[in-house]
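1. coords please:
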Amino acid sequence: MKTKLLGLILLAFSMGISSQASASTDLWNCALKFNLKGRGAQIIFGSFSLKGKGEITCVSLEGDVETSDVFIKIGGRPLGLRIALGRYSVVGGGYNIAVSDGVDSLLGNYAVVNMTGSLGTGAGATIAAISNENSLGLNLTLEAVNGFGINVGLSRMSIERI
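-> Below is the predicted model:
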């Protein structure tokens, strides 16, 4: 029987600031937790992706709480500035300060710079930026990794509500 050992979340800390043109918006403190699995091979050409589920929880300064289950996919185009080889699971989280629509302001497509490595158990970090018509956000996420591989470079991340 094959057992999997998921690494503990080493550190989940992120500072993100989103801004919106409207002065009547609320300030939301949001946290993202996720569990992703992926595999592939890409050295400039190829395919490598991580996919899985997560949860976003946002609390406004007024005490309103929003929680949403999300689907997360991190992957690049067949041609990209990335070296990614292997197969592994990633458990991680991040913290973000968002102004505008709570959970909705964190959904969408991100440009991602990530660096992850594992020889059995490892760690990684992801810096993601999102821009939409109402906000601009920056997120740093630290992760625990289980498996064998490396993922260094630029890619794209999408977060969608389930």
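2. for the host helix or strand of Asn35, packing partners?
-> Following DSSP states H and E, the helix or strand that holds Asn35 is strand 26-60. When contacts are defined as 3 or more C-beta pairs under 8 Å, 6 or more residues apart in numbering; DSSP states H and E, strand 26-60 packs onto strand 65-75, strand 79-100, strand 136-161. The way it works is simple: take the backbone N, C-alpha and C, and place the C-beta from them, glycine included.
3. From the chain's centroid, how far away is the worst-scoring helix or strand of the chain on mean pLDDT?
-> Using mean pLDDT, DSSP states H and E, strand 79-100 stands out as the lowest-scoring helix or strand of the chain, at a mean of 83. Relative to its chain's centre, strand 79-100 lies at 4 Å (C-alpha atoms, centre = their mean, to the nearest Å).
4. can you offset everything so residue one is 489?
-> In the new count, where the first residue is 489, that last one comes out as strand 567-588.
5. what packs against it?
-> Under the contact rule (3+ C-beta pairs under 8 Å, 6+ apart), strand 567-588 is packed against strand 514-548, strand 596-619, strand 624-649.
6. Restricting the selection to alpha carbons, write it to PDB.
-> Provided in PDB are the C-alpha atoms of strand 567-588 (Å, rounded to 0.1, in the frame of the first residue of the first chain):
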ATOM      1  CA  LEU A 567       6.400  27.600 -24.500                       C
ATOM      2  CA  GLY A 568       7.500  29.600 -21.500                       C
ATOM      3  CA  LEU A 569      10.400  30.800 -19.300                       C
ATOM      4  CA  ARG A 570      10.200  27.900 -16.900                       C
ATOM      5  CA  ILE A 571      12.100  24.700 -15.900                       C
ATOM      6  CA  ALA A 572       9.700  22.200 -14.300                       C
ATOM      7  CA  LEU A 573      10.200  18.500 -13.900                       C
ATOM      8  CA  GLY A 574       8.600  15.900 -11.700                       C
ATOM      9  CA  ARG A 575       5.500  14.900  -9.800                       C
ATOM     10  CA  TYR A 576       4.500  16.300  -6.400                       C
ATOM     11  CA  SER A 577       1.800  17.500  -4.000                       C
ATOM     12  CA  VAL A 578       1.700  21.000  -2.600                       C
ATOM     13  CA  VAL A 579       0.000  22.200   0.600                       C
ATOM     14  CA  GLY A 580       0.100  25.900   1.200                       C
ATOM     15  CA  GLY A 581      -1.600  29.100   2.100                       C
ATOM     16  CA  GLY A 582      -1.400  32.800   1.800                       C
ATOM     17  CA  TYR A 583      -2.800  35.900   3.400                       C
ATOM     18  CA  ASN A 584      -4.000  38.800   1.400                       C
ATOM     19  CA  ILE A 585      -5.400  42.200   2.100                       C
ATOM     20  CA  ALA A 586      -8.000  43.100  -0.500                       C
ATOM     21  CA  VAL A 587     -10.100  46.200  -1.100                       C
ATOM     22  CA  SER A 588     -13.400  45.800  -2.900                       C
END
